[in-house]
Structure formats: structure tokens, C-alpha cells
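Peer 1: model the following, please.
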Amino acid sequence: MDTRAVTRAHVLITTQLAIGAAALGACGGYLVAGPAAAVLSGVVTGVGAWGGSILVRRRVFADLGQAERDANVQGYAEGLSQGVLLGIATYQAAVFPLTGPAGVSGEERLARRTIAYRIAADDGLPHTVRTAAAAALEAIDHGQDRQGAQDAVQALHAAVYEQRRP
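Peer 2: Residues are numbered from 1 along each chain as shown. So this is what the prediction gives:
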């Protein structure tokens, strides 16, 4: 998080808030008791708004920091989920190639299987996506039922999509 930019934005908002409060306080003071009360009311209200905003500054920065950490965790999990989906889909394409059984060599199939399993084993993966990935890998590993493997990968796709929804 760029704290300098957030600090500057907070100071600008605080200044605008204090000026607006001072102006409203001055108008209220003028309406109630005249020019002397307008000056006093405007100064007191502006200083109060400025001070209150400065007092909540720490909470503002703490909330922004927590929001940034949550977004980082969520973004990492979403990216990892997309990577698992891609890895398993390429493994499925190696097990069931469109060009026929001789279209993919055994070494390439094994390499794609290894990569898919390594990505699916990451600790940052959400539980629902991890279980769907395990089911898809199991269906693909059997290598007999193309439609069953396709259904398992579709279930993984749905789990990744649901994980991304707010």
C-alpha cells in the first residue's frame, strides 16, 4: 500500500471537511447571534472537525491495511484456482487428445500430470476448488471415460467460478 498517497488523500479530505464544517458553523452562528458568534462558531466547528478526523486517522489506516491484506489473499487464491483449472485442462487434453491416442507422447502426458498435481497440492487453494480438482484428477487418471472426465473438469470450472463470486 502506498501510504504516502493515502496520507495525502486523508489530509485533503480532512481539510475539505474542516473548511466545510467551519463554513456551516459560521453560517449557523451568524443566523443565531450575529458576526461575532459566526467567527467563534466557525473556528470551533472547523477545529473540532479537523481534530476528530485526525483522531480517526489510525483506524482509517488500519482498515485500509486489512482490506489490502484481504484482497491479496483473495487474489492469490483466485489466481491459483485459475492455474489449477488450466493445469488440469491441459492434462485432460494430454490424456484424451483430439488427434487420437498417438497424438501425445507418454513423457508429455506424465509431465502435464506432474504439473497438474503440483498446482492442485498448493496450500493456498480454497477447499472447494481443491476437492473438485482432486475429483477431476481422479477421473482423468482412470483414462477410460472421456465424458466422466469432462464432467469432473466442468465441476472444477464451476467451483472456480463460485470461488470468484463475492
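
Peer 1: what secondary structure does residue 125 sit in?
Peer 2: Assigned by DSSP: H, G, I helix; E, B strand; the rest coil, the conformation of residue 125 is coil.

Peer 1: does it really touch residue 81, like I thought?
Peer 2: Yes. The criterion here is Cβ atoms under 8 Å, and residue 125 meets it with residue 81 at 6.6 Å. Glycine gets a C-beta too; all of them are placed from N, C-alpha and C.

Peer 1: how about the helices in this protein?
Peer 2: Secondary structure of the chain, counting by DSSP state H: helices at 3-33, 35-55, 57-95, 106-120, 127-142, 146-164.

Peer 1: give me the low-pLDDT residue ranges for the protein?
Peer 2: Applying pLDDT under 70 to the chain flags the ranges 1-2, 166.

Peer 1: now do the contacts for the residue nearest the centre of it.
Peer 2: Central residue of the chain (Cα atoms, centre = their mean): residue 71, 3.4 Å from the mean position. For residue 71, no residue meets the contact criterion (Cβ atoms under 8 Å, 6 or more residues apart in numbering).

Peer 1: circling back: residue 125 and residue 81: which has the busier surroundings?
Peer 2: residue 81 (26 against 20; other Cβ atoms under 10 Å).

Peer 1: and the gap between residue 34 and residue 150?
Peer 2: Look at residue 34 and residue 150: by Cβ to Cβ, to the nearest Å, they are 82 Å apart.

Peer 1: of those two, give the one with the bigger neighbour count.
Peer 2: Neighbours were counted for residue 34 and for residue 150 using other Cβ under 10 Å; residue 150 has more, 15 against 10.

Peer 1: leaving out the residues flanking it, which one is nearest to that one?
Peer 2: Computed as Cβ to Cβ, 6 or more residues apart in numbering, the closest residue to residue 150 that is not its neighbour in sequence is residue 92, at 7.6 Å.

Peer 1: my guess is the one you found contacts residue 141. True?
Peer 2: No. Counting by Cβ under 8 Å, residue 92 does not reach residue 141; the two are 10.5 Å apart.

Peer 1: neighbour count winner among the two?
Peer 2: Under the criterion of other Cβ under 10 Å, the comparison of residue 92 against residue 141 puts residue 92 first, with 22 against 14.

Peer 1: so how far is residue 87 from the nearest residue to residue 78 once chain neighbours are set aside?
Peer 2: Leaving aside its sequence neighbours, residue 78 sits nearest to residue 164 (Cβ to Cβ, 6+ apart; 5.5 Å). As judged by Cβ to Cβ, residue 164 and residue 87 stand 17 Å apart.
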